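Colleague: Need a 3D model of the sequence below.
(one chain, ligands or ions: 1)
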Amino acid sequence: MSDMYCVFGNPVGHSRSPAIHSAFAAASGEDLCYEARLAPVDGFAGAVAEFVAAGGKGANVTVPFKEEACRLSDRLSGRAARAGAVNTLVFRADGIFGDNTDGAGLVQDIKINLGFALSGRRILLLGAGGAARGVIAPLLAESPASLHIANRSAEKARLLAQAFSDMAPVSGGSFNELAGKSFDLVINATSASLAGESLPLPAGLFAPGTLAYDMMYGKGQTPFLQLARAQGAAQGADGLGMLVEQAAEAFFVWRGVRPATAAVLAALRRQIST
Ligand code: ATR
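Modeller: So this is what the prediction gives:
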């Protein structure tokens, strides 16, 4: 029988993970099957236990269970402990190992797929929720010149910055306080576009060489990338590459094999744009 993996979420029907991991398995010759599993909002632990009892070897975790997956894990990777969230579970004989590959996926997409070096750059991270927290340590590990976090609730941004200040100088504040500043890389980790809202960003953040990166993706340009372009960003990227790269990193955690991502990303891009 093939080794069993899945993604837990609620909702989860929209998840691209089964297609991505099936493509990785086919291309790398790994014998595994991967499915989406809907867990009840108040029944995540039970859904995991059921999957483990059925022989499941590992799982991805998506909204809204990443923090709960962190608490459920018997052991955590350093990056998952820092993120306070888990997107990758490994079911071992001695318990559940929790990891977080989101930040690694973001860094891999920016550095390798987009060819944008992070070292020495001024980075602005928009948002101070779970998505933002998950990528801070991996970004700091790339030795940027600075990392500033801006959020609608400024206090949350300041607290988040403080939580990582042992690693590097990180600052935090409101959107208004961004006036007069500019950055080399601006990453949107807010969920504003899900609410159909655009961010109140002051003009001047984007220099011509700035990369605008939206962790969200969808058909066509995201609202954040439209705004960035209108404000002068020459280069923009959505989060589809991050999605594929975090999956590749999870695949590596489970199988010890690093799958090639370019063809899978290109196929997904074609699917999404039609
Ligand atoms: P996630 O796990 O996606 O990060 P979250 O933890 O709920 O979800 O965080 C959502 C983030 O998007 C927060 O930074 C939130 O700002 P607040 O902390 O001020 O709530 C941000 N966000 C959501 N809707 C927004 C909007 N309309 N404008 C600006 N920021 C928004």
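
Colleague: Which phi and psi values does the closest residue to the ligand within the chain adopt?
Modeller: As assessed by C-beta to the nearest ligand atom, the ligand sits closest to G129 within the chain, at 1.9 Å. Every C-beta, even on glycine, is put in place using the N, C-alpha and C of the backbone. The phi/psi pair for G129 (degrees, to the nearest 10) reads phi -90, psi -160.

Colleague: Count the neighbours of it for me.
Modeller: Counted by other C-beta atoms under 10 Å, the residues lying close to G129 total 14.

Colleague: Contact partners for it?
Modeller: Counting by C-beta atoms under 8 Å, 6 or more residues apart in numbering, G129 touches 189-191.

Colleague: Would you reformat these as JSON lines and include distance to the ligand and secondary structure?
Modeller: Shown next, in JSON lines, are the contacts of G129 (distance: C-beta to the nearest ligand atom, whole Å; DSSP: H, G, I helix; E, B strand; the rest coil):
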{"residue": "A189", "distance to the ligand": "6", "secondary structure": "coil"}
{"residue": "T190", "distance to the ligand": "3", "secondary structure": "coil"}
{"residue": "S191", "distance to the ligand": "4", "secondary structure": "coil"}
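
Colleague: Whichever of those residues end up buried, select them in PyMOL.
Modeller: Applying 16 or more other C-beta atoms under 10 Å to these, the buried members can be selected in PyMOL as follows:
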select buried, resi 189+190
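
Colleague: Could you report the neighbour count for the nearest residue to L76 once chain neighbours are set aside?
Modeller: Spatial nearest neighbour of L76, excluding adjacent residues (C-beta to C-beta, 6 or more residues apart in numbering): G98 at 4.9 Å. The number of residues packed near G98 is 25, by other C-beta under 10 Å.

Colleague: roughly how far apart are G98 and E30?
Modeller: 22 Å (C-beta to C-beta, to the nearest Å).

Colleague: Also L240?
Modeller: L240 is 23 Å from E30, by C-beta to C-beta.

Colleague: longest single helix anywhere in this structure?
Modeller: When the chain is parsed with DSSP state H, its longest helix is helix 240-255.

Colleague: ok, back up a step: and the residue nearest to L76, which of the three is it?
Modeller: When classified by DSSP: H, G, I helix; E, B strand; the rest coil, G98 comes out as strand.

Colleague: which residues does it contact?
Modeller: So G98 contacts 69-70, 72-73, 75-77, 80, 86, 88-89 (C-beta under 8 Å, 6+ apart).

Colleague: do Q221 as well
Modeller: Q221 sits next to 229, 236, 238 when contact means C-beta under 8 Å, 6+ apart.
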